[in-house]
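Chemist: Dropping the sequence and predicted coords here.
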Amino acid sequence: MPATPQLICGYVMSYEGFEKIAAARGLPHATAAITFIVQELGLYPRVKVFLARGKVRSLPCLTVATNNPLDRRPILPADQIQRIKDHSGVTQDPKWYYKA
């Protein structure tokens, strides 16, 4: 029986997108923007960053859910998803991606 592909649900952003968030918040680099969104907003450990498989390259994904049966975290409540949207500039709902 083939293995089930690992899926992650969240927000994929280019490194340049995280750089823009960092610049808007006065943070030194993209990694600081990711840390701000995940830790400073109080979303860790519920939100983690994984790489999502893209057509050309893998990109960071602010992950709000997975299909991993060992991951017992339910998808984030709507108010916490809205916080991610407010601080990252995205407007769409989270989407499912293949984990890299």
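Modeler: Happy to help now that I have it.
Chemist: C-alpha only now, for contacts and for neighbours.
Modeler: Noted.
Chemist: Verify the contact between residue 94 and residue 11 for me.
Modeler: Yes - counting by Cα atoms under 8 Å, residue 11 is a contact partner of residue 94 at 5.5 Å.
Chemist: Comparing the two, which residue is more hemmed in?
Modeler: Taking other Cα atoms under 10 Å, residue 94 and residue 11 do not tie; residue 11 has more neighbours (23 against 20).
Chemist: hey, what's that one bridged with?
Modeler: Counting by DSSP bridges, residue 11 is bridged to residue 62.
Chemist: who touches the residue most central in space within the chain in this structure?
Modeler: Central residue of the chain (Cα atoms, centre = their mean): residue 62, 0.6 Å from the mean position. Residue 62 makes contact with 10, 11, 12, 47, 48, 49, 50, according to Cα atoms under 8 Å, 6 or more residues apart in numbering.
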